[in-house]
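Q: pasting a predicted model and its sequence here:
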Amino acid sequence: MSSVHGSLVARGARMIPPAALMGLFLGLLTVLPSAFGEDRRFGDDMVGDFLAPPVSARPWVYWFFMDGNLSREGITADLEAMHRAGVGGCIIMEVDVGVPRGPVRFMSDEWRELFRHAVREAERLGIQLTLNAGPGWTGSGGPWVKPEQSMQHLVASETNVVGPAVIDWVLPRPIPRPPFFGEGGLPSELEKARKEFCLDVAVLAFPMPKGGGRILDIEEKALYIRAPYSSQPGVRPYFLSSAEYPALSSDECVDRKRIVDLTSRLSADGRLNWSVPEGHWTILRFGRTSTGQNTRPAPQPGLGLESDKFDRAALDAHFGAFVGKLLEVVGSPNKHGAGWTMLHIDSWEMGAQNWTARFREEFQRRRGYDPLPYLPVMTGRVVDGLEVSERFLWDLRQTAQELVIENHARRLRELAHKHGMGLSIEPYDMNPCADLSLGGEADVPMCEFWARGYGFKTEFSVFEATSIAHTQGRPVVAAESFTSDDRERWLLYPGAMKAQADWALCAGVNRIVFHRYQHQPWLDRWPGMTMGPYGAHWERTQTWWEMVPAFHNYLARCQYLLQKGRCVADICYLASEGAPHVFRPPASALWGDLPYRRGYNFDGCAPELVIERMTVNEGRLELPGGASYKLLVLPDCDTMTPRLLKKVRDLVEAGAMVLGRPPRKSPSLKDYPRCDVEVKKLADELWGGDVAPAELVGRQFGKGRVYWGGSVGKRTDSADLALPPVGKARWIWHAEGNPALAAPVERRYFRTVFDIERSHGINSAKMAVTADNSFELFVNGSSVGTGDNFHQTYLFEVTNALRPGRNVLAVAAENGGDTPNPAGLVAALAVRYDDGGTQIMITDGNWKSSAVAEEGWTSELFSGAGWAPVAELGPFDMSPWNKKPTDFVPDRDLYLDYEVAARILGENGLEPDFEADPRLGYTHRRDGDCDIYFVVNPESAPVVARATFRVHGKQPELWDPLTGQCKDLRGSFENSGRTTVTLQFEPNQSLFVVFRKPAKGGSGDQTGFTELKPVADLAGPWEVSFQPGRGAPDRILIDRLMNLAEHTDSRVRHFSGIASYRKSFEWNPSETARADRGAKVWLDLGRVEVIAAVNLNGQELHIAWTRPFRVEVSRAIRVGRNDLEVRVANLWPNCLIADSALPQDQRLTWTTWNPFKPGDPLPASGLVGPVTVLVEIPSR
């Protein structure tokens, strides 16, 4: 039996009965204010469903099984805990991330029976289950996939000969490429079979060119590799085709007309008999081999090859071996929306493939020409010039995309639908497709965002998934949420996650899927099983789990409204043709540290959707799913296929507005060169020629206009951008000896502070960074990116991370290795202002460093006391790094500046959909005649803002998802078809403004908001009791509220669990309170670490999980004596840190991963206060 299933049990680890704490949340529903104030109730379904959201609006979780560590009782306990907490569904994956194997072998009879049990329990509890399409999280494969049905590459061996001669040789067998993630991930027998698998495709010979013409980046362009865009710097989001390529002499190119096809002369044993003509010849023997991509990180019995993503039959075989075997046990899915309802493709981490058994035939059918004579291009050679070769590679990638979509994603959806299930897809990272196109096959498109400060920046995937859902008419956009690396360490909790969750909801997500809920096989171990070091710990063994329903209900209220109707947007960004392609909106269309959309909302749209489904109705571009846009913005590139360009012309002729410059050529060899003639003809017809007007103009064509001229007529060259002058930067490190020779193998921390004048508008900002060995860059507390190769200088777009006033650049850099070795950090920031001015920051002696990462060290609020000046090592090109300033390749936006689009929309009478001063985040959905705006204060301070909505003639209503309260907003006024109101926000608060009924009119100087007046301070003493079995004393008495992590008693400092604070106080309402008998009374808890439940006079009240930690007590407080109990849950690290110094049999906790060590800083703990009674006073 695995060591994970040993006999060690947490000493005295008993949980408070779930029902007792769940009453805290259920009590909330009984004390909610009526929908529109004390004296009004509307019986409509929308208000009722907002107060108590339907199951379909609940958040989900990723539910991970850890390599055979499963139990029947654990499955039931997990699902019942999810049900109590308000979780609507989960995505099941079994993985291996380093936890010792358990006794239940993957896909064994026992495993399948446990899966059936999970499905039946989910049906009983009304929870939906989604199953990943294969073991692990990468894709669809397993030990049942043979090499001939695995993902494949075209590889070649090379033989050079001199003629005239007659050869009768066995040509070298093409050697399989090593897998992208390296060797060693497969069982030995399968690895042997993979290496032996090679089937001949073709043998080609050609005269050897005298020159050495080569295609740059051939491994990416020919789909031999596709690295993860989200987590590896330097990965291209797209490959733009050019209208002009450098001319090469004939001596540098292979002449296609002189290529000789010798395939028929190759015998079965690889022998070639051929009379070689005079001259130097190259013979290429092409074969198809397995890419070797395996099902990482599958449980060991599930390790195998990934199935061929180009081959429908390969997917069918995999489906039968995996999903089919489970359907045999489970039976048909439940028809009532619970149980096993979906299949799932997670983020594409399988790399690329470029061949399959019928690839040549498929290519010929789709592209109209035979790829055979162009195969030398896949070795990096140039055939008939660079332009021809690049066009062939474009066609190769386009064919690969179509095969993946049709034979893999679409086929999996067909199979899912056949069995009564749906399909969700995360269409990003490493895939050989355009993300928007791949995701279009999903019933539920998904994205991912990592917890801030705990991983990668993948916000781009959120804009992709929301665009897919909106353009395809999908009602749900799900997000793998708060993914985390090993720095999370049980530190996340609801209140710390609200701001980022609100951002995601504003960005268009309407189903949060927490990463992750780790299956707990046991009922008596805490915190128990982990997913190795990964993910937010979102499971029943959390200290605060029985209080989390309040957060889940908040999300469900938001998601209920955000799943209604359709998103309102005005700008449609046409994704460029070709693959792979990552859609990224222009940085100018976003603002803020977390990227919020500006006043005209947008979506990206796949080109095939525009071609096949887009129409024009009364001047707006429409799609069948309900999406509607006023302006189509073309990608700023030189090429477009005749088919797409003809559709753009037809849309303008029908009344559409289009922004962009004319393309010059087709990117493809299909119908070449006639395709270029057609592109030129269509472009001249629509744009009137290729000479751009001096200023931006709208050229009338049919009923519509095409806008170009001025800056729109020019391509923005990367050389025009303000690039960081990294060559002027100095290498620095923490002052310890001579770091350029040898520094300790440890992590060091660096920061500098600078100011941006508030009068300056930031046009763009880029930062170049590298470090020996690795680094993470933070700007104003937000993680911007990482790097782990000092040979490359990493370039980051940081425009949205900067702000007027004080700014902080911070870097955590680590010197890797086993023994001391050179260490250094070098960086440069270039800020370009709207007035053309620039500001430069470089690493130099003005930076400061520390060997310790103190709390908040990346923030501008951190004092930096105790940090010392860095050691300045030398110039950028110093030894041992010897770097050049040109080591990085700058990036650029694919679309014109947002302000150009905004100007066109404004000039055509369309005002921004939303504006606020100061800025607020927003999204807007329309459901019939109802307009729903979700509005967010992104600041960690209170805000009063004037907000303007593009709605008129309707009454604004304020719906608070935290409390469930709904009320009319007074004091609104209309101007130019828009409604302006005053909104009042607490720090990081979010509100809905709903327009659904005729406007009522009324006084313009009333806001409808209230003021809270403090009337009593509940000072000490307090009695504090502790959850039994967690090592703390039964109870203590404290004179004043404090951070328990600073208590003199180590048992209190290291307590993790629920502490109950009790106090009695007298309540004698003030004259102010008596003046208005209907005034509400609130209890403000002050600072809470980290979540609290309030009981007053025996009544369970609201759970306080976010700032301000405030609970309404109007119906529980009474004149005279009041008995108050506040239960506060803190975090696991306090106890885990203490246990790290103890042998296992003396520990209070049991877990498969404890990253802490004695002496680590303790997270703040308990009710810190001050606790105050407040009375609500209506504002006048």
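A: Cool, got the structure.

Q: next, residue 319: secondary structure please.
A: Taken by DSSP: H, G, I helix; E, B strand; the rest coil, the conformation at residue 319 corresponds to helix.

Q: hmm, residue 415 and it touching each other?
A: Yes: counting by CB atoms under 8 Å, residue 319 touches residue 415, with 5.4 Å between them. Just so you know, the C-beta spots here come from the backbone N, C-alpha and C atoms, and that holds for glycine as well.

Q: neighbour count winner among these two?
A: A direct count of neighbours by other CB atoms under 10 Å for residue 319 and residue 415 places residue 319 higher, at 23 against 19.

Q: now do the phi/psi pair for residue 1088.
A: Main-chain dihedrals, residue 1088, degrees, to the nearest 10: phi -120, psi 130.

Q: just give the nearest non-adjacent residue to residue 914, would you?
A: residue 922 (4.6 Å; CB to CB, 6 or more residues apart in numbering).

Q: what is the neighbour count of the one you found?
A: 23.

Q: state the pLDDT value of it.
A: pLDDT recorded at residue 922 is 98.

Q: which element is it on?
A: Per DSSP states H and E: residue 922 is located in strand 921-927.

Q: tell me the buried residues in that strand?
A: Burial within strand 921-927, assessed by neighbour count using 16 or more other CB atoms under 10 Å, is assigned to 921, 922, 923, 924, 925, 926.

Q: who are the contact partners of the residue nearest to residue 914?
A: 506, 596, 597, 914, 916, 933, 934, 935, 936 (CB atoms under 8 Å, 6 or more residues apart in numbering).

Q: any chance of the residues you listed in TSV, with distance to residue 126 and pLDDT too?
A: Shown next, in TSV, are the contacts of residue 922 (distance: CB to CB, whole Å; pLDDT from 0 to 100):
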residue	distance to residue 126	pLDDT
506	29	98
596	35	96
597	35	96
914	36	98
916	39	96
933	31	99
934	27	99
935	32	99
936	30	98
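
Q: which of the residues you listed fall within helices?
A: Here DSSP state H is the test, and the contacts of residue 922 give residue 506 as lying in helices.

Q: redo the contacts of residue 922 as CSV? Include neighbour count.
A: CSV is the format used below for the contacts of residue 922 (neighbours: other CB atoms under 10 Å):
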residue, neighbour count
506, 25
596, 20
597, 26
914, 25
916, 20
933, 25
934, 23
935, 24
936, 23
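
Q: tell me how far the residue nearest to residue 402 when sequence neighbours are not counted lies from residue 670.
A: Excluding the flanking residues, the one nearest residue 402 by CB to CB, 6+ apart is residue 366, at 6.3 Å. Separation of residue 366 from residue 670 (CB to CB, to the nearest Å): 8 Å.

Q: quick revisit: residue 619: which of the buried residues of strand 921-927 is nearest?
A: residue 926 (17.6 Å; CB to CB).

Q: count of residues packed around residue 461?
A: Residue 461: 27 surrounding residues under other CB under 10 Å.

Q: so it makes contact with residue 450?
A: No: the criterion here is CB under 8 Å, and residue 461 misses it with residue 450 at 10.2 Å.

Q: so which strand or helix has residue 830?
A: Using DSSP H and E, residue 830 maps to strand 824-833.

Q: where do the domain boundaries of this structure fall?
A: 23-140+406-564, 152-292+352-398, 571-716+895-899, 719-887, 911-1008, 1014-1178 (automatic domain parsing).

Q: would you turn the contacts of residue 922 into TSV with distance to residue 724?
A: Converted to TSV, the contacts of residue 922 look like this (distance: CB to CB, whole Å):
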residue	distance to residue 724
506	30
596	25
597	27
914	34
916	33
933	38
934	36
935	36
936	32
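
Q: of the contacts of residue 922, which belong to strands?
A: In strands, judged by DSSP state E, the following of those are found: 596, 597, 914, 916, 933, 934, 935, 936.

Q: return the list of helices and strands in contact with the longest helix along the chain.
A: If you go by DSSP H, the chain has its longest helix at helix 386-404. Counting contacts by 3 or more CB pairs under 8 Å, 6 or more residues apart in numbering; DSSP states H and E, helix 386-404 is packed against helix 218-221, helix 359-367, helix 435-439.

Q: between these, which gets nearest to residue 348?
A: So among the helices and strands packed on helix 386-404, helix 435-439 is nearest, using CB to CB, at 7.8 Å.

Q: low pLDDT regions in the stretch 701-850 of the chain?
A: For the stretch 701-850 of the chain, the stretches flagged by pLDDT under 70 are 713-723, 758.

Q: all good on my end, thank you.
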